[in-house]
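# Next one to model:
(2 chains)
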Protein chains: 2
Amino acid sequence: MSITVVGSVALDTVETPAGKNEEGLGGAATYFSLAAVHYAPIHLVGVVGEDFPQAHVDLFRNRGIHLEGLERAPGRTFRWTGRYHADVNERDTLETQLNVFEDFHPRLPEAARKSPYLFLGNIHPALQLEVLEQVKPKFTALDTMNLWIDIAQADLRQVLARTDAIIINDAEVKLLTGRANVIRGARDVAALGPRIVVVKKGEHGCLLFVDDTVFSAPAFPLETVVDPTGAGDTFAGGFMGYIAQQNSLDLATLRRAVIHGSVVASFACEDFGPGPLVTLTPERIAGRYDKFKALVDF
Amino acid sequence: MSITVVGSVALDTVETPAGKNEEGLGGAATYFSLAAVHYAPIHLVGVVGEDFPQAHVDLFRNRGIHLEGLERAPGRTFRWTGRYHADVNERDTLETQLNVFEDFHPRLPEAARKSPYLFLGNIHPALQLEVLEQVKPKFTALDTMNLWIDIAQADLRQVLARTDAIIINDAEVKLLTGRANVIRGARDVAALGPRIVVVKKGEHGCLLFVDDTVFSAPAFPLETVVDPTGAGDTFAGGFMGYIAQQNSLDLATLRRAVIHGSVVASFACEDFGPGPLVTLTPERIAGRYDKFKALVDF
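All right, here's what the predicted structure looks like:
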């Protein structure tokens, strides 16, 4: 079953202990799509500027990602510049240029409106609401960030009331709920709407809350993290992709989906930008999935 | 098979968001012993002052812990005072009074010297070396802390060269090895001697490194942590206890030992002091062990 993703397509300049990557392909919808397309058909909805390299458009197209919803607007593409610390779990945003994203209002083409699965990438909750006005998906998941919790929480709560799943990090859970304990915080998030709460903890893996159950998934023990940019969106792509492929929301599927998200996210960290996702194969995904099995086996 | 533990027996004053506990039974050897005795005979080696309540001595004795190595010295018992933050993963030490611990030199009685398993609690590495001069155990594990890494690293490295396992937290791995990546750091720690490296990550569980393998164990998702004091020593007690009970060092045993450590540590956090360890039963340990299975099952 197909997935529609709405989110940013960007040019990222990233510095990590492993080196620097200038104006590389980035953005939440980019990482999500290139991960999820290994599992399901993808409709990408976003906006780029006149300067967005045709090579990136060709990359999406060659991967079979549907681009009817990728608008090209007058002006420059959204840009993000960040620098990671020696501990790559910490980073500073040096610059964010919204550019064409500033006036973006998602318009979903006919085909994208029909997807039974919808992923609302990390954009202003008001825009996420605009998307929800256009569609009636079977399953909606969303990402958000500390900025929207701070400045647009009323809108965000409206979105939450209408979504099935949220993928959020532990710091955001604490910010949104005021709970120091992440388990209690996740329960509080679920009470705002989403039956499924995935709490990402970076190098510590993630937790999946469904009804009264908890599932703990490890992160893959990477000795070298070249560039963690987009790991969260990549995780969401693997997670949603597997759910859409299986077209099931039962607990066993959701747990395996978390592992698939973790698998593709681990690959994404192994080089700058989304390149590792492009060259990924079903065999390599299956191989690392088995390594996750071995990692927690007792 | 029996275990000898050398470490602190203390009176702790602890403040957490759940309340305050004044001059309660504490200390690394206390938590370790009360956890490990569920699995194996324990010889406790340490020192207390004249003010140490007889009720605590009786508690140890009633649990069957061998106390020939528990010295009562003139003066006051070691005291620790700490305050936890709203996020109980953070704490401040308000006061440490070494008292009788200042002049402590561990003297192992005959029975304690015969234990095939030895746990060196978090004391000055020079004292850990004094213990190693008195015994030839089959298996030695040790704990340490940032203070000894800072001020007594040469001694610590001597101890490490002579131990089979170290139980250490992630911040200490980074401090000891200078590695921002904990996986690489753990490999570097292993290169200093211990074949087995257990990296504790508090609410994020722990990692077990043995040869080239990695095992990731979750923490138990507790909605209420009343008092995490001693959780690390309790973990060590469950870990060593299970190994001594099974009298095996194969990989499957070591992985299950990590889960047993996590099980008893999770109980220890549910009330102030080591009380929860006293009332623990084999049935409750087995029940929570099964919950750990379910927690990671996919």
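# Quick check: closest non-adjacent residue to the residue nearest the centre of chain A.
The centroid of chain A falls nearest to A:Asp233 when counting by CA atoms, centre = their mean (2.1 Å). Nearest-residue entry for A:Asp233: A:Tyr31, 3.8 Å, with adjacent residues in sequence omitted and distances by CB to CB, 6 or more residues apart in numbering or on different chains. (Each C-beta comes from the backbone N, C-alpha and C, glycine too.)
# Would it be right to say that that neighbour lies in a helix?
Yes - secondary structure of A:Tyr31 (DSSP: H, G, I helix; E, B strand; the rest coil): part of a helix.
# now it: how far from B:Ala219?
Between A:Tyr31 and B:Ala219 the computed distance is 29 Å (CB to CB, to the nearest Å).
# Between the two, point out the one with more neighbours.
Ranked by neighbour count (other CB atoms under 10 Å in any protein chain shown), A:Tyr31 and B:Ala219 place A:Tyr31 first, with 32 against 22.
# one step back: could you list which residues are in contact with the residue nearest to the centre of chain A?
By CB atoms under 8 Å, 6 or more residues apart in numbering or on different chains, A:Asp233 lies in contact with A:7, A:28-32, A:35, A:121-122, A:143.
# measure it to chain B for me?
Applying CB to the nearest CB, to the nearest Å, the value for A:Asp233 to chain B is 22 Å.
# ok, how many other residues are close to the residue in the stretch 1-150 of chain A that chain B sits nearest to?
Scanning the stretch 1-150 of chain A for the residue nearest chain B gives A:Asp87, at 4.2 Å (criterion: CB to the nearest CB). Other residues within reach of A:Asp87, judged by other CB under 10 Å, total 15.
# Would you report the backbone torsion angles of it?
Phi and psi for A:Asp87, reported as degrees, to the nearest 10, are phi -80, psi 110.
# A:Phe52 too?
According to degrees, to the nearest 10, A:Phe52 has phi -70, psi 120.
# Against A:Thr13, how distant is it?
15 Å.
# which of these two has more neighbours?
Each of A:Phe52 and A:Thr13 has its neighbours counted (other CB under 10 Å); A:Phe52 has more, 21 against 18.
# List only buried entries from the contacts of A:Asp233.
Among the contacts of A:Asp233, those classed as buried by 16 or more other CB atoms under 10 Å in any protein chain shown are A:7, A:28-32, A:35, A:121-122, A:143.
# so which pair among the residues you listed is furthest apart in space?
Greatest spatial distance among those (CB to CB): A:Ala35 and A:Asn122, at 15.0 Å.
# Show me where chain A has its helices.
A:28-36, A:54-62, A:110-113, A:125-134, A:146-151, A:153-161, A:170-177, A:182-191, A:231-246, A:251-268, A:275-278, A:282-296 (DSSP state H).
# Other residues contacting the first one?
Yep, that's helix A:28-36 we're talking about. A:3, A:5-10, A:42, A:44-46, A:60, A:63, A:65, A:119, A:121-123, A:143, A:230-231, A:233-238, A:240-241, A:244, A:264-265, A:268, A:274, A:277-278.
# Mind giving me the ChimeraX select for those, buried ones only?
This is the ChimeraX syntax for the buried subset of the contacts of helix A:28-36, where burial follows 16+ other CB under 10 Å:
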select /A:3,5,6,7,8,9,10,42,44,45,46,60,65,119,121,122,123,143,230,231,233,234,235,236,237,238,240,241,244,264,265,268,274,277
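# Bridge partners for A:Phe215, pull those for me.
Residues in a beta bridge with A:Phe215, per DSSP bridges, are A:Leu208.
# Distance check, it against A:Leu251.
Counting by CB to CB, the gap from A:Phe215 to A:Leu251 is 8 Å.
# quick one, which of those two is more surrounded?
Neighbour comparison, A:Phe215 and A:Leu251: the larger count goes to A:Phe215, with 23 against 15 (by other CB under 10 Å).
# The more buried one contacts A:Val198, doesn't it?
No - at 9.4 Å, A:Phe215 does not count as touching A:Val198 under the criterion of CB atoms under 8 Å.
# list residues touching both of those two?
Any residue near both A:Phe215 and A:Val198 by CB under 8 Å, 6+ apart counts here, and that gives A:207-208, A:258.
# Can I get the buried ones among the contacts of A:Asp233 in CSV including pLDDT and distance to A:Val189?
As requested, the buried ones among the contacts of A:Asp233 are arranged in CSV below (pLDDT from 0 to 100; distance: CB to CB, whole Å):
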residue, pLDDT, distance to A:Val189
A:Gly7, 98, 20
A:Ala28, 98, 20
A:Ala29, 98, 23
A:Thr30, 98, 26
A:Tyr31, 98, 23
A:Phe32, 98, 21
A:Ala35, 98, 23
A:Gly121, 97, 18
A:Asn122, 95, 16
A:Asp143, 96, 13
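# Out of those residues, flag the one nearest to A:Gly19.
A:Tyr31 (19.1 Å).
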